[in-house]
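Peer 1: Could you look at this predicted model? Sequence included:
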Amino acid sequence: MIVNRTAHKARDLAEHFTALGPISGGAYSALSGQSFDIVINATSASLGGELPPLPARIFAPGSLAYEMMYGRGDTPFLLFAREEGAARLSDGLGMLVEQAAEAFQLWRGVRPDAAPVMAQLRSA
């Protein structure tokens, strides 16, 4: 399920990926009454300290809440996910570091170990 403030954009994107399996798109209101094993916040809402208009009980038992943003502390999305019972929370710092490691591999032919970089960034 892909949602967007502009429902037709979500439907268009979902249609693009239908060859990969059943996928639908629509407005945030389409989420009402549903729960998911993985919820990814790829919106810019966290940049402004806001929460996308997600319904209560969107996180299934054992679910993962993935926030594409990263920074100090939890974003409103991750706070909401924790309050709603998401089992695991993750922010986008790992994606940033792993993408940098892949780029380094392409440029230099050596893939650096991302774990120490992640540890240093988390402790900073």
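Peer 2: Perfect, thanks for sending it.

Peer 1: which residue ranges form the helices in the chain?
Peer 2: Per DSSP state H, the chain carries helices over the ranges 7-16, 76-83, 93-108, 114-123.

Peer 1: Tell me which of those helices is the most buried.
Peer 2: Stretch with highest mean neighbour count among the helices of the chain: helix 76-83 (a mean of 18; mean count of other CB atoms under 10 Å). Just so you know, the C-beta spots here come from the backbone N, C-alpha and C atoms, and that holds for glycine as well.

Peer 1: Poorly predicted segments of the protein, please.
Peer 2: Of all residues in the chain, none has pLDDT under 70.

Peer 1: most residues in a single strand of it, which one?
Peer 2: strand 59-67 (DSSP state E).

Peer 1: Neighbouring strands - and their directions - for it?
Peer 2: strand 36-41 (parallel), strand 88-90 (parallel) (DSSP bridges).

Peer 1: Outside of that strand itself, list whatever touches it.
Peer 2: Strand 59-67 has contacts (CB atoms under 8 Å, 6 or more residues apart in numbering) with 35-41, 46, 75, 77-78, 81-82, 84-92.

Peer 1: For ChimeraX, write the select line for the buried members of these.
Peer 2: Here is the ChimeraX selection string for the buried members of the contacts of strand 59-67, based on 16 or more other CB atoms under 10 Å:
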select :39,41,46,75,77,78,81,84,86,89,90,91,92
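
Peer 1: gap between the most centrally placed residue in the chain and residue 61?
Peer 2: Central residue of the chain (CA atoms, centre = their mean): residue 40, 2.9 Å from the mean position. Separation of residue 40 from residue 61 (CB to CB, to the nearest Å): 18 Å.

Peer 1: do the same with residue 21
Peer 2: 23 Å.

Peer 1: ok, the two, which is more surrounded?
Peer 2: Using other CB atoms under 10 Å as the criterion, residue 21 and residue 61 rank with residue 61 on top: 9 against 6.
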